[in-house]
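1. okay, sequence plus prediction incoming.
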Amino acid sequence: MSYGVKFKLEFDDVAEKQFKLEILKFNYGGSVLDLVGGENPVQIDWQSDDDIYSPIIGSTCKIQLYNTDTTNYDDFYDADEREYQVKISVKISGFFTTIWKGWLVNDNYQEVVQSNPFLIELLAIDGLGILSNYTIPFFTKSSGLDVVEQVLPPNAYIQDVLNNLGLELDFYYSNELFQDGSESSNIYFSIFDSTDDDDNVPYGFMKDASEFMNAEELLKQILNFTHSRLFQSFGRWYIINKSAYSEQSIKDDLMDGSFSGASIRAAETTSLQTNGTEDIKFRKVTFAGVSSDVTFDMLYQVPSDLTPLKMDLTKQMLPPLNKATFINSLQNRQDFLNPNPFLEWSTPRSGVYAGWDLSNSNVTFDTSEPFKTNTSFKWSGNATVTSNTFTLEKQNVGGYYKFKITYLSLSNPSGAIQYRLSGFNGTQTVYFDEANNTFHQLSVVNNQVETNEFIWVEHEVEIPDITPHSSHTTYTDCKIEIIGTANDYVNVCGVFRDIFNSNLEGLYATIKADVNQNLFELTRNTGVYSAEYSAEESTLSDFIFVNYSKGDSITSVRRPYDEFLNVSKRLSEIIPRYILNDHRSFIPRYEGTFYNNTAIPLMPSNKVWINFGTSVLQEPVSCYVDALSYNIKANESKVIMHIPNQDNDLGATLKQKFKS
């Protein structure tokens, strides 16, 4: 998308830092018009709730301008969505550097109705709050003559989701977690990696057994599953660990075994006292996809870099925890036999749509109807839809198979929906007969069910225990055929949705059928505290990280401290360990307004060290910035921040539980 600068305001803050506000218009190529700023021309706000582990911190930009006899502003209130882009920059070392980008919100335009000059107030957003309006990404790969879904590492999904916002920002990742054996690649670039299985599909990205998450829901799931926080800072997307965003040299010492001393926190304190810096390593991925490793000093100190103002610096103590819990949802754990049950991905090629074959032109794939998923079968007469082959394995441990047909009619057809399920049992092809709940040699078309106008109909069938011929333990070359019949189909008549096969329990043989949660509870071994914290429930898990049994499990994850100890843990165990470690004692949380004495603005990607000297108040480590309100003209930053505590692991006992 091409944007040109139409309006510009350059101004200095009270500390003589130079800033520039630009309002860019879509496909604009004319002259640049000057703006007249108000008393507080630009304020950027990053707001978070009281939960220090919130995964997303959105931001807004408030703009105050004066309309005068010499200004010529557009009718911003009448603008199209994303017609105007806002960019805020600061001059550093002679060059303007972007610190924030967003979109002008046309329904928040305000102006005073009076003679010139009068004040205009505009609002711009980073867009994180509207991600729920977008669908999740699907990635494909070629497999023979077909196109199938490919599951990629988390960063691919994070980037694809955020690229919906159209801001074209680079990505900066910082997370000390890695899979054992992948020490050079942090967890955003290693887990979820696809296998060679052509049927590998992202069913972990479903919020129930029949509907995929939207883009915001998927983003939150990945962030929480990797214990991450997302925000915009310095005109970039930052994705960082919620607890271990800190000095890289100490992590390197832990990784290579040269760590000396018994306390990680003591080493961090010594580094701060000795160097006065905090160098954090990032994997940078440009908007164009070019990757590199970069390291920046992210530290600000109080009072040398930031001077407290207004006598409002306060310190709150968050209580210690007795228990931290991470919960995996098992409700939608399904081993889908057909690689594309929801018709969500791949472009039709030569009548093939990622696992489904159409018998003739009477049935087509359609994306025009706004139903639960994006694609449906649309019927205009007699036709058959046949899935590609799959396998039914004998469930010696008590699992069972079922398939479900969901369909809807937009008119009142005089037709029906039928199905046929077949498979090779080692000797011959046999067919499932719903009437007597068994397989036999005669071909059977089951369940002639008339459609109902404007009513969703679900037909669900459980398949009996499989007893293949002789020594075979599976039915191979299975296929499900959905058969539509009609007498007078006209225009849009039967629209059939969500046709799929599923094996609910094959991988969960040791878990009761009524279990729907897998809990990882970490309880401290000492102390008399009562507070508990439960992380947001995750549909992703160590066992089936995409809810698909053919995927690899994530049971060998390490932090640098784990590498030092030469142990591996499950990710579902590490997350509550981070939380309990942070809350081993009271957590100081500061709030106050600061004047910036440096040439570079304070951003939420920075760390803040409270250091009034050891004889007055010196915190052992620096703070995370949880919320920030930046009045640019006044050079004032109102900050809420807390102190993490990722010292050596607190003594705690892990229990894995299952809950209905």
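-> Structure's in. What do you need?

2. going forward, measure contacts and count neighbours with C-alpha atoms only.
-> Fine.

3. starting at the chain centroid, how far to stretch 37-48?
-> Put simply, stretch 37-48 sits 28 Å off its chain's centre (Cα atoms, centre = their mean, to the nearest Å).

4. quick check: mean pLDDT across that stretch?
-> Mean per-residue pLDDT for stretch 37-48: 94.

5. flag the shaky bits of the stretch 551-660 of the chain, pLDDT-wise.
-> Flagging of the stretch 551-660 of the chain using pLDDT under 70 yields the residue ranges 551-555, 660.

6. quick one: the strands in it?
-> Under the criterion DSSP state E, counting those that start in this stretch, strands of the stretch 551-660 of the chain are mapped to 557-558, 587-596, 607-610, 623-631, 636-642, 652-659.

7. now swap in the stretch 301-450 of the chain and tell me
-> Using DSSP E, counting those that start in this stretch, strands in the stretch 301-450 of the chain cover 306-318, 323-329, 335-336, 356-358, 363-366, 376-379, 383-387, 390-393, 401-409, 416-424, 429-433, 438-440, 446-450.

8. ok, of the ones you listed, where does mean pLDDT dip lowest?
-> strand 335-336 (a mean of 60).

9. what about residue 159, which helix or strand?
-> For residue 159, the host element (DSSP states H and E) is helix 154-163.

10. list the buried residues in that helix.
-> By neighbour count on 16 or more other Cα atoms under 10 Å, the buried set for helix 154-163 is 154, 155, 157, 158, 159, 160, 161, 162.

11. could you do stretch 27-37 as well?
-> Those buried within stretch 27-37 under the rule 16+ other Cα under 10 Å are 34, 35, 36, 37.

12. any idea how far residue 608 is from the second one?
-> Put plainly, it is residue 35. Using Cα to Cα, to the nearest Å, one obtains 34 Å as the distance from residue 35 to residue 608.

13. please apply the same query to residue 51.
-> As judged by Cα to Cα, residue 51 and residue 608 stand 19 Å apart.

14. for the helix or strand that residue 282 is a member of, the distance to its chain's centre please.
-> Applying DSSP H and E as the criterion places residue 282 in strand 279-285. Offset of strand 279-285 from its chain centre (Cα atoms, centre = their mean): 20 Å.

15. now could you export just the CA positions of stretch 31-48 as CSV?
-> Presented in CSV, the C-alpha positions along stretch 31-48 are these (Å, rounded to 0.1, in the frame of the first residue of the first chain):
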residue,chain,number,x,y,z
SER,A,31,2.6,18.9,-1.3
VAL,A,32,3.1,18.6,2.5
LEU,A,33,0.9,20.8,4.6
ASP,A,34,1.9,22.2,8.0
LEU,A,35,0.0,21.4,11.1
VAL,A,36,-0.4,23.7,14.1
GLY,A,37,0.1,21.8,17.4
GLY,A,38,-1.8,22.2,20.6
GLU,A,39,-0.3,22.5,24.1
ASN,A,40,0.0,18.7,24.2
PRO,A,41,0.4,17.9,20.5
VAL,A,42,1.2,14.2,20.9
GLN,A,43,0.7,11.7,23.7
ILE,A,44,1.3,8.0,23.3
ASP,A,45,-0.3,5.6,25.8
TRP,A,46,0.4,1.9,26.4
GLN,A,47,-2.3,0.5,28.6
SER,A,48,-2.3,-2.9,30.4
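
16. give me the nearest residue to residue 116, chain neighbours excluded.
-> Take residue 116 and drop its neighbours on the chain: the residue closest to it by Cα to Cα, 6 or more residues apart in numbering is residue 68, 5.2 Å away.

17. enumerate every residue touching that neighbour.
-> 36, 116, 117, 118 (Cα atoms under 8 Å, 6 or more residues apart in numbering).

18. coming back round to it: which one's more surrounded, residue 51 and residue 608?
-> Using other Cα atoms under 10 Å as the criterion, residue 51 and residue 608 rank with residue 608 on top: 25 against 8.

19. and the gap between that one and residue 243?
-> 15 Å.

20. verify the contact between residue 579 and residue 326 for me.
-> No - with contact defined as Cα atoms under 8 Å, residue 579 does not count as touching residue 326 (9.7 Å).

21. overlap in contacts of those two?
-> Counting by Cα under 8 Å, 6+ apart, nothing touches both residue 579 and residue 326.

22. show me the contacts for the closest residue to residue 327 other than its chain neighbours.
-> In space, and not counting its chain neighbours, residue 327 is closest to residue 519: 4.6 Å by Cα to Cα, 6+ apart. By Cα under 8 Å, 6+ apart, residue 519 lies in contact with 325, 326, 327, 328, 655, 656, 657, 658, 659.

23. still on that earlier bit, so which of the contacts of residue 68 sits lowest on pLDDT?
-> The member of the contacts of residue 68 with the lowest pLDDT is residue 116, at 74.

24. can you pull out the helices in the stretch 451-600 of the chain?
-> Assigned by DSSP state H, counting those that start in this stretch, the helices in the stretch 451-600 of the chain fall at 560-565, 571-582.

25. check which residues of the shortest one are buried.
-> So the one you mean is helix 560-565. Within helix 560-565, the residues that count as buried by 16+ other Cα under 10 Å are 560, 561, 562, 563, 564.

26. list just the nearest of these to residue 19.
-> residue 560 (40.1 Å; Cα to Cα).

27. surely that closest one touches residue 259?
-> No - with contact defined as Cα under 8 Å, residue 560 does not count as touching residue 259 (10.4 Å).

28. would you mind getting the angle between the strand holding residue 282 and helix 154-163?
-> 70 degrees (axes from the mean of the first three to the mean of the last three Cα atoms, to 10 degrees).

29. how near is the residue nearest to residue 579 when sequence neighbours are not counted to residue 578?
-> The spatially closest residue to residue 579, leaving aside those adjacent along the chain, is residue 324, at 6.5 Å (Cα to Cα, 6+ apart). Distance of residue 324 to residue 578, given as Cα to Cα: 9 Å.

30. the more surrounded of these two?
-> More neighbours surround residue 324 than the other of residue 324 and residue 578, with 25 against 22 (other Cα under 10 Å).

31. who's in contact with the more buried one?
-> 521, 522, 523, 532, 533, 534, 535, 576, 577, 579, 580.

32. sorry, back to before: list buried members of the contacts of residue 68 by neighbour count.
-> Using 16+ other Cα under 10 Å, the buried members of the contacts of residue 68 are residue 36.

33. tell me the two of the contacts of residue 68 that are most distant?
-> It's 36 and 116 that sit farthest apart of the contacts of residue 68, by Cα to Cα, at 12.2 Å.

34. tell me, what's touching those two both at once?
-> With contacts defined as Cα under 8 Å, 6+ apart, the residues shared by residue 36 and residue 116 are 67, 68.

35. and residue 458, how many neighbours does it have?
-> Residue 458: 14 neighbours (other Cα under 10 Å).

36. swap in residue 576?
-> By other Cα under 10 Å, 25 other residues sit near residue 576.

37. dig out what residue 433 forms beta bridges with.
-> Per DSSP bridges, the residues bridged to residue 433 are residue 438.

38. how many other residues sit next to it?
-> 21.

39. wait, isn't it in contact with residue 447?
-> No - assessed by Cα under 8 Å, residue 433 is found out of contact with residue 447, at 9.4 Å.

40. which residues do these two both contact?
-> Contacts common to residue 433 and residue 447, judged by Cα under 8 Å, 6+ apart, are absent.
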